[in-house]
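Asks: What would the 3D arrangement of this be:
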Amino acid sequence: MRTLFTKHIQVLQTKTEEIFKELSLDGLVIGSGTAHYYFEDDQGGPFRPNHHFNHWCPLRSEENFVVVRPGQKPLLLAFIPDDFWHEHKAVDDLFWSTSFEIKTFAKVEAIWQYLNENFSDFSYHGPEKEKAQENNLVVDTEGLLSRLNWNRSFKTDYEVACLEEATRLAADGHTAAKAAFEMGESELGIHHAYLVSSRMKDQDLPYESIVCLNEKGAYLHYRDKRDNVRDGKVLLIDAGCNFNGYASDITRTSASDKAPAEFKKILADMEVMQKSLCEMPHLGMNMADLHWESHMGLAKILIDNKILKGVDAEEAVKLGLTHDFYPHGIGHMLGVFVHDVAGRQINPQGDSGEPDPRFPKLRSLKNFEVGHYFTIEPGLYFIEMLLDKRKESDHADKYNWTLINKLKPCGGIRIEDNILMTENGPRNVTREYLSF
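Replies: Next up, the predicted model:
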C-alpha cells in the first residue's frame with residue numbers, strides 16, 4: 001500500500017501543479033475540517049474529513065491541513081493536542097507518512113498562525129472559509145474546485161486498491177446478512193450480522209445501511225430497522241463499507257421459500273439483466289444510454305412476467321410505464337463520496353453536460369473513460385404511491401393489477417455492483433468478491 005500511495009501522491013502533485021499554472025496560483029491549502037456538535041449539546045456527531053483532504057491524506061481527524069506547493073513534497077500540518085481525554089495517534093510511522101513533510105502542532109491556533117506566516121495568498125479549500133480569510137488565505141478561487149473535482153473522476157491504483165478492500169469487507173457483510181435473513185432474523189438482526197462480519201461500526205459506514213424486509217423494499221431509502229418483524233419473504237439490503245475513506249456501495253435482494261413463485265421468477269430475471277448491464281459499458285458510452293438499456297431490459301421482464309400487457313418493450317419505456325417500477329437512475333460515480341463529485345461535469349472547467357431529455361435527472365452525464373468507477377443498480381419496485389396514480393390514467397388497462405397487488409407485499413428488487421472502467425472494458429469489482 002505504501003508504494004501505491006507514493007505513486008498516488010505523485011499523480012495528485014502533478015495534476016495539481018498543472019492547475020496552479022492554469023489558474024496562476026501560488027499553492028493550495030486543504031483543511032480536513034472541524035468538529036460538528038449537536039444543537040445546544042456538548043456531544044458531537046461522527047467526524048468525516050473534507051473529501052479533498054481525504055483524497056490527499058487518509059488521516060481522519062479534525063483540524064489537519066495538507067499544503068500543496070509547486071515543486072515540493074506536500075506538507076502535512078497535523079493537530080496532535082496534549083489531551084488525556086482522547087487518544088491522538090502519532091502520524092510519523094504510517095504507510096502514507098513518508099509521502100509528506102510533517103509538522104505537528106498542539107494547538108489549532110498555532111496551525112493557523114503558521115499558515116498565515118508562511119502561505120498567505122495560497123488558495124484554500126475546506127469548510128472554515130472565514131478563518132482562512134482572517135489568515136490571509138484565498139477562498140473560493142474561481143475554477144479551482146471544478147478542476148479538483150474533475151481529477152477525482154480518474155482513480156489511481158491506490159484508490160482502486162482502497163475501493164477493492166471496501167468491496168471485500170462489504171461482501172463479507174452481505175454474505176452474513178443473507179445467512180441471517182435465511183435464519184429468520186429481523187431487519188435489526190440482519191444489520192447487526194452485516195456489521196459484525198464486515199468489521200464495521202455504524203459511524204464508519206459510508207452511508208446508513210438500508211435493510212428492508214417485505215413491503216419496506218418499496219421505499220428506496222428506507223431507514224428504520226425493525227426488530228419485531230422476522231421470517232421475511234424478501235430481503236433488500238443496500239450496504240457498503242469504508243476503507244481509508246473510500247466507499248463501496250452494494251445492493252442485493254433475496255427471496256425465501258415463502259415468497260410468491262412469481263416474485264422469485266422476476267428476481268431471477270432481474271439478476272440476469274443486471275449482470276448483462278454490467279458488461280455493456282464501453283469507452284465513450286454515456287450513462288444515459290446505459291440507463292435506456294436498463295429500462296428496455298426492465299420492460300421485457302415486466303411484459304414476459306405479465307405485469308404489463310398489450311404493449312411492447314420500447315412503447316412501455318416511451319410511455320413512461322417502466323418509470324413507475326424503476327424511478328431512480330442506473331448508477332452514479334463512486335469514490336470518497338458514495339455519490340462522488342463531478343458526475344455532471346464534462347470538462348475540468350466545470351461545464352455541465354446537457355441532460356438527456358429522456359432521463360433529465362441522472363447523476364452522471366459523462367462518457368465512460370478509463371479510471372471511472374461507478375455503480376450499476378437497476379431496480380423493480382411495487383411503489384403504491386406511483387402505481388395508484390396509474391389506476392385513473394389512460395394506460396391503466398396495460399397493468400395487471402391482480403398480479404401487482406399480489407406482489408406489493410414483496411416490496412421490490414435492487415441489485416447493485418461497483419464497476420471500474422478499464423482499457424479492456426468494464427471490470428465488475430463486486431462480483432470478484434461476492435458470489436451472488
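Asks: what's near enough to touch the nearest residue to Ser254 once chain neighbours are set aside?
Replies: Nearest residue to Ser254, sequence neighbours excluded (C-beta to C-beta, 6 or more residues apart in numbering): Leu235, at 4.7 Å. (Glycine included, C-beta is placed from N, CA and C.) Leu235 is in contact with 177-178, 181, 190, 211-213, 252-255, counting by C-beta atoms under 8 Å, 6 or more residues apart in numbering.
Asks: Which strand or helix spans Leu235?
Replies: Leu235 belongs to strand 234-239 when assigned by DSSP states H and E.
Asks: Going along the chain from that strand, find the next helix or strand for me.
Replies: Later in the chain than strand 234-239, the nearest helix or strand by DSSP H and E is strand 242-243.
Asks: quick one on the thing from earlier: ok, the contacts of Leu235 vs Met421, which is closest?
Replies: Met421 has its nearest neighbour among the contacts of Leu235 in Arg252, at 22.7 Å by C-beta to C-beta.
Asks: Mean confidence (pLDDT) on the helix or strand the closest one falls within, please.
Replies: In the assignment (DSSP H and E), Arg252 maps to strand 250-255. Averaging pLDDT along strand 250-255 yields 98.
Asks: and if you look at stretch 93-108?
Replies: Averaged across stretch 93-108, pLDDT comes to 96.
Asks: repeat for stretch 418-430
Replies: For stretch 418-430, the mean confidence score works out to 98.
Asks: from the middle of its chain, how far away would it be?
Replies: Using C-alpha atoms, centre = their mean, to the nearest Å, the mean C-alpha position of stretch 418-430 is found 16 Å from that of the whole chain.
Asks: how about the CA coordinates for that stretch, as PDB?
Replies: C-alpha atoms of stretch 418-430 as PDB (Å, rounded to 0.1, in the frame of the first residue of the first chain):
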ATOM      1  CA  ASN A 418     -19.400  -1.500  -8.400                       C
ATOM      2  CA  ILE A 419     -17.600  -1.100 -11.800                       C
ATOM      3  CA  LEU A 420     -14.200   0.100 -12.800                       C
ATOM      4  CA  MET A 421     -13.700   1.200 -16.400                       C
ATOM      5  CA  THR A 422     -10.500  -0.100 -17.900                       C
ATOM      6  CA  GLU A 423      -8.900  -0.100 -21.300                       C
ATOM      7  CA  ASN A 424     -10.300  -3.600 -21.900                       C
ATOM      8  CA  GLY A 425     -13.800  -2.700 -20.800                       C
ATOM      9  CA  PRO A 426     -15.800  -2.800 -17.600                       C
ATOM     10  CA  ARG A 427     -14.400  -4.700 -14.600                       C
ATOM     11  CA  ASN A 428     -17.100  -5.800 -12.100                       C
ATOM     12  CA  VAL A 429     -15.200  -5.500  -8.800                       C
ATOM     13  CA  THR A 430     -18.200  -6.600  -6.700                       C
END
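Asks: buried sites along that stretch?
Replies: For stretch 418-430, a neighbour-count test (16 or more other C-beta atoms under 10 Å) marks 418-421, 426, 428-430 as buried.
Asks: what does stretch 209-225 rub up against?
Replies: Residues contacting stretch 209-225 (C-beta under 8 Å, 6+ apart): 177, 181, 186-188, 190-191, 194, 208, 226, 229, 232-240, 251, 253, 327-328, 379, 381-384, 408-414.
Asks: Quick one: residues contacting the residue positioned nearest the centre of the chain.
Replies: In the chain, the centroid-proximal residue (C-alpha atoms, centre = their mean) is Val338; its distance is 1.7 Å. By C-beta under 8 Å, 6+ apart, the contact list for Val338 reads 206-207, 240, 247, 249, 332.
Asks: if we go to 7 Å?
Replies: Neighbouring residues of Val338 by C-beta atoms under 7 Å, 6 or more residues apart in numbering: 206-207, 240, 247, 249.
Asks: From Asp257, how far off is it?
Replies: 33 Å (C-beta to C-beta, to the nearest Å).
Asks: my guess is His291 meets Phe359, correct?
Replies: Yes: the criterion here is C-beta atoms under 7 Å, and His291 meets it with Phe359 at 5.2 Å.
Asks: Of the two, give the one with the bigger neighbour count.
Replies: His291 (23 against 17; other C-beta atoms under 10 Å).
Asks: element containing the more buried one?
Replies: In this structure, His291 sits in helix 287-304 according to DSSP H and E.
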